[in-house]
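> Requesting a structural model of the entry that follows:
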Amino acid sequence: MAQSALVVGATGIQGSAIAAQLVERGWAVHGLSRNPQDQVGVLPVAADLTDRDALGKALEGLAPTHVFLTSWLRMPTEAENIRVNGGMVRNVLEALRSAESVRHVSLVTGLKHYLGPFEAYGKGTLPQTPFREDQGRLDVANFYYTQEDEVFAAAERDGFSWSIHRPHTVIGKAVGNAMNMGTTLAVYATICRETGRPFRFPGSAVQWEGLTDMTDARQLAAQVIWAAETPAARNEDFNIVNGDVFRWKWMWHRIADAFGITAEDFDGTPHPLEEQMTDDAPIWADIAQRHGLAEGDLSRLASPWHTDADLGRPIEVVTDMSKSRKKGFSAYQATDQAFVDLFDRLRADRLIP
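Model prediction:
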């Protein structure tokens, strides 16, 4: 039986990288999103994951062997996150039941599995770093856990295998994405260069001095597809990061170099991007007009709140990848190069000058 994929959230940072690698490997790929975009080799499916009936109609006639779940909606409270995001996973898997075609479901969540949801992010009693899959769940409500439970229940009912993937902050390209540190920092650096403002680290002393890691979207995609094709990886949960560690006091200067600006050393006081960029929408619109950029709406490119949450954490975050390494996943990506590659792509796509 030929392998065919349904990538849910195909226009996002994670989904677009997964879809692109699947196409490169010769898969038949359908990409589901609310507002599909042109993606080479991807057949678009337009649907709202929260509308069960409309989703069922949109997926009617599709019979994917593999489903890749990368989509979520940010809601005002964690209770709403649980209701809405758990429901979206359930709606997709129920809509595909009648086809009886699904052999494997991959779910992408993240390190909030260990750090807690936004309402309790990095607070309370947390597992020791490096985070490991056998540390289990926190004793707190978390929509990631609900999404997992929906996959587990459907797998038991319908007989498919599954894999769970937990990236750290993902570096990749997507417009209109709610969690987009790489593009946010590119936009911020561009504004600093164009206005002469200082390029100030927005986060905490712990993040400036401590060790951390990140996940290139291409690295995430490689692991997700590896797990879907590897029998030993079925019905397992995996952390996924690039494989290197760094300190922001080093990386901040590398990012500045990529934009031809000078990075300020951290002065011990956080300077959140939400504050620094509060009045930057008209500045960005002017930059976009002067340079002929493809997107002049700052809110479609930058997510300061998410970058502040990551760079403002009061604890060091390092992620263990031994579990997938032992099972044969060997891909690696240097994080500074991941940023440079992203910035080059943003320039090529006329998203930054």
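> So which elements touch the strand or helix carrying Ala288?
Counting by DSSP states H and E, the element that carries Ala288 is helix 281-291. Using 3 or more CB pairs under 8 Å, 6 or more residues apart in numbering; DSSP states H and E as the contact criterion, the elements in contact with helix 281-291 are helix 181-195. Using the backbone N, CA and C atoms, a C-beta is placed for each residue, glycine as well.
> Alpha carbons only: can I get the helix it packs on in CSV?
C-alpha atoms of helix 181-195 as CSV (Å, rounded to 0.1, in the frame of the first residue of the first chain):
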residue,chain,number,x,y,z
MET,A,181,11.0,33.3,17.5
GLY,A,182,13.3,33.2,14.5
THR,A,183,11.2,35.6,12.4
THR,A,184,10.4,37.7,15.4
LEU,A,185,14.1,38.2,16.1
ALA,A,186,14.8,38.9,12.4
VAL,A,187,12.2,41.6,12.3
TYR,A,188,13.4,43.1,15.6
ALA,A,189,17.0,43.1,14.3
THR,A,190,15.9,44.8,11.1
ILE,A,191,14.0,47.5,13.0
CYS,A,192,17.1,48.1,15.2
ARG,A,193,19.3,48.4,12.1
GLU,A,194,16.9,50.7,10.3
THR,A,195,16.3,53.0,13.2
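> and that helix, which residues are buried?
Buried residues in helix 181-195, counted by 16 or more other CB atoms under 10 Å: 181-194.
> Equivalent analysis for stretch 190-209, please.
Buried, per 16+ other CB under 10 Å, within stretch 190-209: 190-194, 199-204, 206-208.
> so what does the next helix or strand after the helix holding Ala288 touch, helix or strand wise?
Going down the chain from helix 281-291, the next helix or strand is helix 304-311, by DSSP H and E. Packing partners of helix 304-311 (3+ CB pairs under 8 Å, 6+ apart): helix 181-195, helix 273-276.
> circling back: which residues does the helix holding Ala288 contact?
Here helix 281-291 makes contact (CB atoms under 8 Å, 6 or more residues apart in numbering) with 187, 190-191, 194-195, 293, 295-299, 301, 353.
> And stretch 330-345, by the same measure?
In contact with stretch 330-345 (CB under 8 Å, 6+ apart) are residues 171-173, 182-183, 185-186, 213-214, 216, 218-219, 222-223, 226, 242-244, 246, 251, 254-255, 258-259, 352.
> got it, and stretch 292-307?
Residues contacting stretch 292-307 (CB under 8 Å, 6+ apart): 175-181, 183-185, 187-188, 202, 272-274, 276-277, 280-281, 284-285, 287-289, 349-353.
> that older thread, next, give me the two most distant ones among the buried residues of stretch 190-209.
Across these, the longest distance by CB to CB is 30.6 Å; it joins Glu194 and Val206.
> mind giving me JSON lines with the buried residues of helix 181-195 and columns for pLDDT and distance to Ser330?
Below are those laid out as JSON lines (pLDDT from 0 to 100; distance: CB to CB, whole Å):
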{"residue": "Met181", "pLDDT": "94", "distance to Ser330": "26"}
{"residue": "Gly182", "pLDDT": "96", "distance to Ser330": "24"}
{"residue": "Thr183", "pLDDT": "95", "distance to Ser330": "28"}
{"residue": "Thr184", "pLDDT": "96", "distance to Ser330": "30"}
{"residue": "Leu185", "pLDDT": "97", "distance to Ser330": "29"}
{"residue": "Ala186", "pLDDT": "97", "distance to Ser330": "29"}
{"residue": "Val187", "pLDDT": "97", "distance to Ser330": "34"}
{"residue": "Tyr188", "pLDDT": "98", "distance to Ser330": "34"}
{"residue": "Ala189", "pLDDT": "98", "distance to Ser330": "33"}
{"residue": "Thr190", "pLDDT": "98", "distance to Ser330": "35"}
{"residue": "Ile191", "pLDDT": "98", "distance to Ser330": "39"}
{"residue": "Cys192", "pLDDT": "98", "distance to Ser330": "38"}
{"residue": "Arg193", "pLDDT": "98", "distance to Ser330": "38"}
{"residue": "Glu194", "pLDDT": "97", "distance to Ser330": "41"}
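> ranges for the helices of the stretch 151-300 of the chain?
181-195, 205-209, 217-229, 248-258, 273-276, 281-291 (DSSP state H, counting those that start in this stretch).
> Nearest to Leu55, out of those?
Minimum separation from Leu55 across these (CB to CB) falls at helix 217-229, 22.0 Å.
> Correct me if wrong: Ala141 contacts Pro117.
Yes: using CB atoms under 8 Å, Ala141 is in contact with Pro117, at 7.0 Å.
> out of these two, which sits in the more crowded spot?
Pro117 (19 against 16; other CB atoms under 10 Å).
> Could I get the contacting residues of that one?
Pro117 makes contact with Glu78, Asn81, Val140, Ala141, Asn142, Phe143, Tyr144, according to CB under 8 Å, 6+ apart.
> leaving aside the residues next to it on the chain, what's closest to the last one?
Meaning Tyr144. Leaving aside its chain neighbours, Tyr144 sits nearest to Thr109 (4.2 Å; criterion: CB to CB, 6 or more residues apart in numbering).
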